[in-house]
Structure formats: C-alpha cells, structure tokens
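Peer 1: A predicted structure for the sequence below; I have some questions about it.
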Amino acid sequence: MLNNKTFLKIISFLIAVALWIYVMGEVNPDTEASIQDVEITFTNTDSLAGDGLAVVQNKTVTVDITIQGRRAEVNETKRNGVTATVDVEGASEGKNTREINVILPDGVSLAEISRQSLTFTAEELVEEEKPVTIEIAGAESAAGSLMPWVIDSSPKTVTVTGAKSSVERISEVRGTVPRNSATERQAEVEVDLAPVTDDNEVVLGVALSRETATASVQLLYSRAVNLEISVENLPDGMETERVEAPDTVTILGTEDAVNSIDSLEGTVDLSGAASGEKIPINIDLPEGTYLYYREGAPAAEVTLRTAD
C-alpha cells in the first residue's frame with residue numbers, strides 16, 4: 001500500500017500535468033518562433049517581361065524571420081512553411097531595391113526579419129536555343145559488362161528565356177536518368193531538365209520551353225575493340241610523320257552486335273588542320289552500336305612533314 005505522502009506526490013504530479021496540458025492545449029498561449037533561410041521569390045515577373053526585362057538570379061536568396069502568435073498557429077505555420085516575396089513590377093533596367101513581403105496566415109504576425117528589402121538587377125530579356133544532353137547517373141564502362149545507355153532522346157534543343165547574362169552562362173540543358181531505369185529491354189523514361197554551365201552549375205531564374213525530355217534507355221554490352229586510323233585530305237606537298245591516336249575504343253550494343261566486331265576504322269580529316277592539332281576521329285559504327293567515351297570524343301594528333 002502507498003503511504004499518504006507518496007500518494008499525495010503522485011496526485012500532485014498528475015494535477016500538474018493536467019494543468020500543463022490544459023494551458024498548452026486549451027488556453028493556447030502566445031509564443032514566438034524563429035524560421036531560418038526562408039527563400040525569397042519574385043512576383044509579377046510576367047509584367048516585367050512585358051517591359052522586355054528579367055531579374056538576374058545568380059543564387060538563391062533567403063531571409064531569417066521570427067513569427068509570433070498563438071502556439072498552435074505558430075507551430076502549424078512552421079510545419080507548412082513561409083513564403084517571402086519581392087514584387088518586381090515596374091522595375092527598371094539595372095539595380096532596383098524593393099521591400100520584402102512575408103506572407104503569413106491569420107493569427108500569426110511578423111515579429112522580426114533579418115532584412116527589410118532586397119536589391120536586385122534587371123537586365124534585357126532574351127531567348128536562345130540550347131542543346132539538350134541526357135546522361136545516365138553514375139554510368140561507367142567495364143569491358144564485357146552491361147551498362148545503361150541513352151539510345152535516343154527528344155527534344156534535341158529547348159528555348160531558354162531569361163536575363164541576358166544568365167542565358168549566356170548556359171552551355172546546355174541537361175537531364176539525368178537514374179541508373180536503375182535501364183533494363184535489357186529498351187524503355188522510355190521522362191527526365192527533368194535543368195540549365196547548366198560548363199562547370200555543371202545550375203542557372204537560376206530562367207524559363208525553359210520544356211521542363212522535361214523523353215529518353216530511350218537500355219542496358220547494353222560493352223567491349224573494347226581495336227581502332228585502325230587512316231588520314232584523309234593531306235595538304236599538298238605534305239606527308240604524315242606521326243599519328244598519335246587511341247589504339248582501342250569501347251563500343252556498346254547488344255551482346256551479338258558487339259561480339260561480331262573485332263576492330264573499327266577511323267579517319268582523320270586534315271582539311272584546314274594544322275600540324276600537331278588534335279583532330280576528332282570519324283569512326284564508322286555498324287548500325288545498332290554506339291561509341292562510349294567519358295572524357296571527350298576520340299581525337300588524333302597528326303604531325304606533318306614536307307614530302308620527299
């Protein structure tokens with residue numbers, strides 16, 4: 001049996017818990033909460049585009065805020081996230097400074113914000129066609145192994161629209177197919193596209209005429225085969241002194257296709273080329289086979305000399 005003192009302690013604890021639950025749940029007291037790194041988005045960009053301008057976005061811009069209100073509403077706001085915007089309607093070319101607007105639900109107010117305004121740059125709005133490149137994530141080749149491959153894709157180009165300096169930074173629009181999407185039967189997959197620079201940095205603040213591409217992917221066999229090089233269109237009065245080129249290349253295809261090939265012929269066209277210049281090798285591939293390379297297409301360095 002519990003003695004009176006222990007019994008009273010237990011009752012007191014239960015009463016305290018009940019009162020705390022009542023205060024937190026029923027009375028719902030005021031509270032504050034900090035939210036870090038709220039992303040700032042631009043509104044009325046269509047209106048700005050109508051003036052022939054676009055916002056330059058070199059990086060994601062964020063703001064830190066503190067909100068206040070009833071505990072339940074504050075907690076729900078933190079769970080759902082907060083929107084911060086900057087209205088760019090009527091902005092002029094060059095630098096502009098506008099107020100940051102934090103959108104909050106009823107019953108929740110802004111107590112503090114790390115910055116009141118944002119300075120941004122508006123530039124000439126341009127559009128350009130950019131090539132689409134589809135790659136397989138983590139695809140590597142080992143002779144005789146199966147590897148995923150993009151057989152075809154569509155579209156080949158997309159139109160990119162945005163601030164002039166942003167569009168000029170884009171080298172291609174890239175889609176990445178998960179490695180496990182490919183099987184030994186050819187299949188089509190939908191791929192999200194992103195505009196990227198030569199350094200693989202995603203360019204923000206531009207619009208694509210298409211957000212996705214369709215890629216035909218399949219697991220193909222790989223095989224290293226010999227490469228035999230010939231030179232075409234030698235300049236008059238010159239002859240080859242040395243040709244430096246890969247001895248082998250890796251090809252991809254069905255098992256029967258790659259096993260039927262022991263060597264390939266490649267030609268080096270010297271039309272307009274200078275001695276010692278690296279020249280792409282044109283390789284005649286049988287139908288249904290593909291050339292695999294990771295660090296640039298195969299090239300040859302041809303050294304010329306005066307013919308005897």
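Peer 2: Nice, thanks for sending it over.

Peer 1: Please, where are all the helices along the stretch 101-250 of the chain?
Peer 2: For the stretch 101-250 of the chain, the helices defined by DSSP state H, counting those that start in this stretch cover 164-169.

Peer 1: Quick check: bridge partners of residue 278?
Peer 2: residue 301 (DSSP bridges).

Peer 1: same thing with the one 4 residues further on?
Peer 2: Using DSSP bridges, the beta-bridge partners of residue 282 come out as residue 267.

Peer 1: How many residues are close by it?
Peer 2: The number of residues packed near residue 282 is 13, by other Cβ atoms under 10 Å. In this view, the C-beta of every residue, glycine as well, is placed from N, C-alpha and C.

Peer 1: just checking, it touches residue 266?
Peer 2: Yes - Residue 282 is in contact with residue 266 according to Cβ atoms under 8 Å; the separation is 6.4 Å.

Peer 1: what residues are shared contacts of the two?
Peer 2: Residues touching both residue 282 and residue 266 (Cβ atoms under 8 Å, 6 or more residues apart in numbering): none.

Peer 1: what's the distance between residue 60 and residue 6?
Peer 2: Residue 60 sits 58 Å away from residue 6, going by Cβ to Cβ, to the nearest Å.

Peer 1: I misspoke; the intended subject was residue 87.
Peer 2: Taken as Cβ to Cβ, the span from residue 87 to residue 6 is 65 Å.

Peer 1: More neighbours: which of these two?
Peer 2: Of the pair residue 87 and residue 6, residue 87 is the one with more neighbours under other Cβ under 10 Å, namely 16 against 10.

Peer 1: shouldn't residue 63 be in contact with residue 84?
Peer 2: Yes - using Cβ under 8 Å, residue 63 is in contact with residue 84, at 5.4 Å.

Peer 1: Name the residues contacting each of those two.
Peer 2: Counting by Cβ under 8 Å, 6+ apart, the residues touching both residue 63 and residue 84 are 38, 40, 100, 102.

Peer 1: Surely residue 73 is within a helix?
Peer 2: Yes - applying DSSP: H, G, I helix; E, B strand; the rest coil, one finds residue 73 inside a helix.

Peer 1: Next up, the contacts around it.
Peer 2: Residues near residue 73 by Cβ under 8 Å, 6+ apart: 105, 106, 107, 108.

Peer 1: So which of these wins on neighbours?
Peer 2: The most crowded member of the contacts of residue 73, judged by other Cβ under 10 Å, is residue 108 (18 neighbours).

Peer 1: Find the nearest non-adjacent residue to it, please.
Peer 2: residue 69 (3.9 Å; Cβ to Cβ, 6 or more residues apart in numbering).

Peer 1: And the contacts of the host helix or strand of that neighbour?
Peer 2: Using DSSP states H and E, the element containing residue 69 is strand 62-70. With Cβ under 8 Å, 6+ apart as the test, strand 62-70 has contacts from 28-40, 74, 77-78, 82, 84, 100, 102, 104, 107-115.

Peer 1: Give the partner strands of that strand in its sheet and their orientations.
Peer 2: With DSSP bridges as the test, strand 62-70 is paired with strand 30-43 (antiparallel), strand 108-113 (antiparallel).

Peer 1: Now the shortest one - C-alpha only, PDB.
Peer 2: It refers to strand 108-113. C-alpha atoms of strand 108-113 as PDB (Å, rounded to 0.1, in the frame of the first residue of the first chain):
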ATOM      1  CA  VAL A 108       0.400  34.900 -37.000                       C
ATOM      2  CA  SER A 109       2.400  38.100 -37.300                       C
ATOM      3  CA  LEU A 110       6.000  39.000 -38.100                       C
ATOM      4  CA  ALA A 111       8.000  39.900 -35.100                       C
ATOM      5  CA  GLU A 112      11.400  40.300 -36.700                       C
ATOM      6  CA  ILE A 113      13.100  40.000 -40.100                       C
END
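
Peer 1: Below-threshold pLDDT in the stretch 101-250 of the chain: ranges please.
Peer 2: Across the stretch 101-250 of the chain, residues meeting the criterion (pLDDT under 70) sit at 138-144.

Peer 1: Send me the strand holding residue 69 as CSV with only the CA atoms.
Peer 2: The C-alpha trace of strand 62-70 is given here as CSV (Å, rounded to 0.1, in the frame of the first residue of the first chain):
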residue,chain,number,x,y,z
THR,A,62,16.9,33.9,-48.2
VAL,A,63,15.8,35.7,-45.2
ASP,A,64,15.5,34.8,-41.5
ILE,A,65,12.3,35.7,-39.6
THR,A,66,10.7,35.5,-36.2
ILE,A,67,7.0,35.0,-36.1
GLN,A,68,4.5,35.3,-33.1
GLY,A,69,1.0,34.3,-32.4
ARG,A,70,-0.9,31.5,-30.6
